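Asker: Quick check, what structure comes out for this input:
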Amino acid sequence: MHKVSGLITFALIIGFSCQLMAADNTVLQPPQLKVDANAKIVDKTPAKTLATPATQVEGLHVNKALLKPDLLPINPGNIVNNCTTPDNAWKLKITVKNQGKTASQPCSTSVTFWVTVPNTSTSEPKTIDIPTPAIAPGLSVEIGPADMPPTCYRPDCTFKIVVDSKNQIDELNENNNIMSGLCMG
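Answerer: Okay, here's the model as predicted:
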């Protein structure tokens with residue numbers, strides 16, 4: 001049976017996602033694990049696990065790169081449902097989710113609407129920045145709403161949402177921050 005330190009208990013309590021590996025790099029399954037209450041650091045030199053730094057603690061590798069926030073715009077239902085008309089002022093509701101393992105810091109979210117240029121049939125982008133608060137892991141927040149320019153409708157209004165638009169946060173996945181949609185006019 002393989003011996004693994006008491007840090008496993010700590011990792012499980014605070015929700016780390018990790019694989020436990022034996023010295024021969026085989027993945028250990030739960031029946032093969034034995035928790036030792038006396039945690040001991042075997043090597044303070046960062047180990048390499050899938051080309052990502054980790055710390056080796058008596059056979060336990062915690063991939064620290066996985067312990068990041070991961071923000072993305074979500075659509076709770078049809079995107080058209082996020083277009084509201086209270087008091088005849090078109091607004092776009094935006095929901096941002098953190099599907100990562102740690103809380104995010106505050107950042108900025110941008111919404112770009114394509115608006116008609118006056119006296120032409122062409123359109124140009126109009127971007128609005130919206131402050132986004134820190135978000136705990138697994139939670140979502142509604143930000144905005146963003147005021148939709150009246151000249152956006154031709155007859156529909158297209159938009160693009162970019163969460164963490166200024167790249168303020170080091171995220172687990174930087175490629176899932178964009179969502180495009182349309183509000184029907």
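
Asker: C-alpha from now on. contacts and neighbour counts both.
Answerer: Fine.

Asker: could you show me where the strands are in the protein, in order?
Answerer: Assigned by DSSP state E, the strands in the chain fall at 4-5, 19-20, 35-36, 43-49, 52-57, 60-63, 71-74, 83-84, 91-98, 107-116, 123-132, 140-147, 157-162, 178-183.

Asker: Let me see the mean pLDDT of the third one.
Answerer: Read it as strand 35-36. In this model, strand 35-36 carries a mean pLDDT of 46.

Asker: so who does Lys160 touch?
Answerer: 111-113, 178-181 (CA atoms under 8 Å, 6 or more residues apart in numbering).

Asker: same thing with Ser180?
Answerer: Contacts of Ser180 (CA under 8 Å, 6+ apart): 158-161.

Asker: Before we move on, what's the pLDDT of it?
Answerer: Reported pLDDT for Ser180: 88.

Asker: And Asn75, how far from Gly181?
Answerer: Taking CA to CA, to the nearest Å as the measure, Asn75 falls 10 Å from Gly181.

Asker: coming back round to it: need the strands of the chain in CSV with distance to Gln168, can you?
Answerer: Shown next, in CSV, are these (distance: least, CA to CA, whole Å):
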stretch, distance to Gln168
strand 4-5, 35
strand 19-20, 29
strand 35-36, 39
strand 43-49, 26
strand 52-57, 21
strand 60-63, 22
strand 71-74, 11
strand 83-84, 27
strand 91-98, 14
strand 107-116, 6
strand 123-132, 11
strand 140-147, 17
strand 157-162, 12
strand 178-183, 15
